[in-house]
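> just to be clear, the model below is a prediction. Sequence and coordinates:
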Amino acid sequence: MTKKFLLIGGIVILFIGVAVAAVLFLLPYNSTQPTSVDDTGSTQTGIQEVVNANNKFAFDLYSEFNKTEKGNIFYSPYSISAALAMTYEGAKGQTANEMKSIFHFPENNVLRPNFAAIYNEINKKDKSYKLSTGNALWAQKDYPFLEDYISRVEKYYGGKAVNLDFAEESEKSRQTINNWVEDQTNNKIKDLIPAGTLDEMTRLVLTNAIYFKGKWMEKFDEKDTRDENFRISKNNSVKVPMMRQNDEFNYTENDKLQILKMPYSGEKLSMLIFLPKDDDIESLENSITTEKLSEWKEDLKEQKVKVYIPKFKFKTKYLMSENLEAMGMPTAFGGAADFSGMTGKMDLAISQVIHQAFIKVNEEGTEAAAATAVGVEGSEIPMHKIPSFRADHPFIFLIQDKSTGNILFMGRVVDPTK
């Protein structure tokens with residue numbers, strides 16, 4: 001039997017060449033009604049294990065992207081991990097071992113309840129910012145999926161199942177899934193699944209979406225924003241609108257690096273910006289790890305800082321199959337793939353993984369979204385010793401949960417105008 005694909009995109013969407021036995025829901029929840037999942041048995045230690053796994057994968061993937069991507073980078077490691085965690089639930093043997101290794105997943109008895117606890121925390125209501133995530137399964141009608149697999153994905157990941165007809169109505173099915181993704185991401189991730197991706201061989205699409213919109217704790221004043229040069233390389237610059245403010249921030253620096261932490265309203269989430277000195281972004285990329293992140297964060301101290309940050313807005317889309325194979329999970333994409341935990345048979349393989357993301361940073365704050373589909377195919381002298389943080393050359397940034405340290409989004413700005 002020809003094996004078909006899993007897809008991944010900026011929110012999280014998985015396409016698996018399988019289908020759900022009997023799907024119980026006409027449509028999954030909308031973005032204003034995220035389901036809660038079973039986090040019974042979760043612990044702070046277990047949550048930290050899952051967070052550490054996600055963060056290790058975040059930096060591993062950055063290193064992989066950096067081999068081929070020369071411009072801006074932006075992605076949601078959480079979204080990709082969530083999509084592949086649902087896929088991992090159906091993997092067996094070498095396929096499962098490779099997936100567990102590159103995503104650093106703990107044992108299932110730790111992964112499931114604690115992934116669920118993180119999911120529930122993200123979807124908590126009454127926040128001073130918008131942050132939500134959602135999962136869904138889209139299955140070929142009448143295809144014999146194992147009931148145990150379907151129930152596990154819904155119980156721990158909130159992936160409710162919906163029957164579609166990929167064989168006879170592939171375009172309509174594609175539009176249905178894409179519409180759900182758009183709703184989950186406030187219309188920021190559009191056309192995640194390209195035309196022609198779904199066909200009569202498609203059996204299952206797993207989707208995860210994540211959306212964030214938050215205001216800075218200390219907003220920038222628009223009247224202070226003015227065009228300045230941003231060095232995209234040592235010999236080339238572009239004009240960008242540079243935001244500026246002079247306030248108290250958590251900040252540290254060493255001989256090679258400046259680090260600034262900018263909290264969002266509510267102070268639960270923050271953006272960390274890593275600005276290399278001497279424009280040496282390559283040295284920073286070679287040294288940044290989860291261990292270094294923890295070390296640098298301990299050095300942050302609240303102090304007066306003159307901050308200059310460019311406004312930027314861009315989208316990214318990655319075809320990730322080759323990246324994931326290179327990182328250590330080739331078996332899932334070939335004839336030896338074992339996803340028998342989904343159907344009871346070795347009849348599925350991943351054909352493609354797509355990740356799509358969006359980021360907008362301005363005076364008010366930040367808006368970010370992502371989806372994943374896995375288919376089964378200028379300079380001022382500081383006065384009074386006030387440090388100046390002038391992000392007028394390439395830098396790395398991430399958006400992180402304060403209490404757990406979970407990295408929700410990560411990226412690199414090389415050219416804010418792109």
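The structure has been received and is ready for your questions.
> quick check: pLDDT value at the nearest residue in space to residue 115 that is not next to it in sequence.
The spatial neighbour of residue 115 that comes closest, neighbours along the chain excluded (Cβ to Cβ, 6 or more residues apart in numbering), is residue 50 at 5.5 Å. All C-beta spots, glycine's among them, are computed from the backbone N, C-alpha and C. In this prediction, residue 50 carries a pLDDT score of 98.
> quick one: contacts of the helix or strand where residue 50 lies?
Using DSSP states H and E, residue 50 falls within helix 44-66. Under the contact criterion Cβ atoms under 8 Å, 6 or more residues apart in numbering, helix 44-66 has outside partners 73, 75, 77-78, 80-81, 102-106, 110-111, 113-115, 117-118, 285, 288-290, 293, 318, 323, 326-327, 396, 398, 401, 404-407, 410, 412.
> list only buried entries from those.
Buried members of the contacts of helix 44-66, scored by 16 or more other Cβ atoms under 10 Å, are 73, 75, 77-78, 80-81, 102-106, 110-111, 113-115, 117-118, 285, 288, 290, 293, 318, 323, 327, 396, 398, 401, 404-407, 410, 412.
> mind listing which of these are in strands?
Taking DSSP state E, the ones among the buried ones among the contacts of helix 44-66 that sit in strands are 73, 75, 318, 396, 398, 401, 407, 410, 412.
> from the middle of its chain, how far away would the helix holding residue 50 be?
When distances are taken as Cα atoms, centre = their mean, to the nearest Å, helix 44-66 is centred 11 Å away from the chain's centroid.
> buried residues in that helix?
Buried residues in helix 44-66 (16+ other Cβ under 10 Å): 46-47, 49-62, 64-65.
> residue 176: what secondary structure?
helix (DSSP: H, G, I helix; E, B strand; the rest coil).
> same thing with residue 305?
strand.
> who's in contact with it?
Here residue 305 is in contact with 246, 247, 248, 249, 251, 260, 386, 387, 388, 389 (Cβ under 8 Å, 6+ apart).
> farthest pair within those?
248 and 388 (14.5 Å; Cβ to Cβ).
> all helices of the chain, in order?
Secondary structure of the chain by DSSP state H: the helices cover 44-66, 77-88, 93-103, 108-122, 147-157, 170-184, 281-287, 290-298, 321-327, 340-343.
> out of the ones you listed, flag the one nearest residue 36.
helix 108-122 (5.6 Å).
> how many residues are close by the nearest residue in space to residue 277 that is not next to it in sequence?
Leaving aside its sequence neighbours, residue 277 sits nearest to residue 256 (Cβ to Cβ, 6+ apart; 5.6 Å). By other Cβ atoms under 10 Å, the residues close to residue 256 number 12.
> likewise residue 227?
A count of nearby residues for residue 227, using other Cβ under 10 Å, gives 10.
> does the nearest residue to it once chain neighbours are set aside have any beta-bridge partners, and if so which?
Leaving aside its sequence neighbours, residue 227 sits nearest to residue 239 (Cβ to Cβ, 6+ apart; 4.9 Å). Per DSSP bridges, the residues bridged to residue 239 are residue 229.
> residue 204 now?
On the basis of DSSP bridges, residue 204 is bridged to residue 16, residue 139.
> related to what we said a few turns ago, the helix holding residue 50 vs strand 407-413, what angle?
Put simply, helix 44-66 runs at 20 degrees to strand 407-413, going by axes from the mean of the first three to the mean of the last three Cα atoms, to 10 degrees.
> could you give the angle of helix 44-66 to helix 93-103?
Helix 44-66 runs at 90 degrees relative to helix 93-103, counting by the same axes, to 10 degrees.
> what residue is smack in the middle of this protein?
In the chain, the residue lying closest to the centroid (Cα atoms, centre = their mean) is residue 76, at 1.3 Å.
> so it makes contact with residue 399?
No: applying Cβ atoms under 8 Å, one finds residue 76 not in contact with residue 399, separated by 9.0 Å.
> need the overlap of contacts for those two.
With Cβ under 8 Å, 6+ apart, residue 76 and residue 399 have common neighbours 368, 408, 409, 410.
> any idea how far residue 144 is from the last one?
Pointing back at residue 410 there. Look at residue 410 and residue 144: by Cβ to Cβ, to the nearest Å, they are 39 Å apart.
> same deal with residue 260?
Computed as Cβ to Cβ, the residue 260 to residue 144 distance reads 54 Å.
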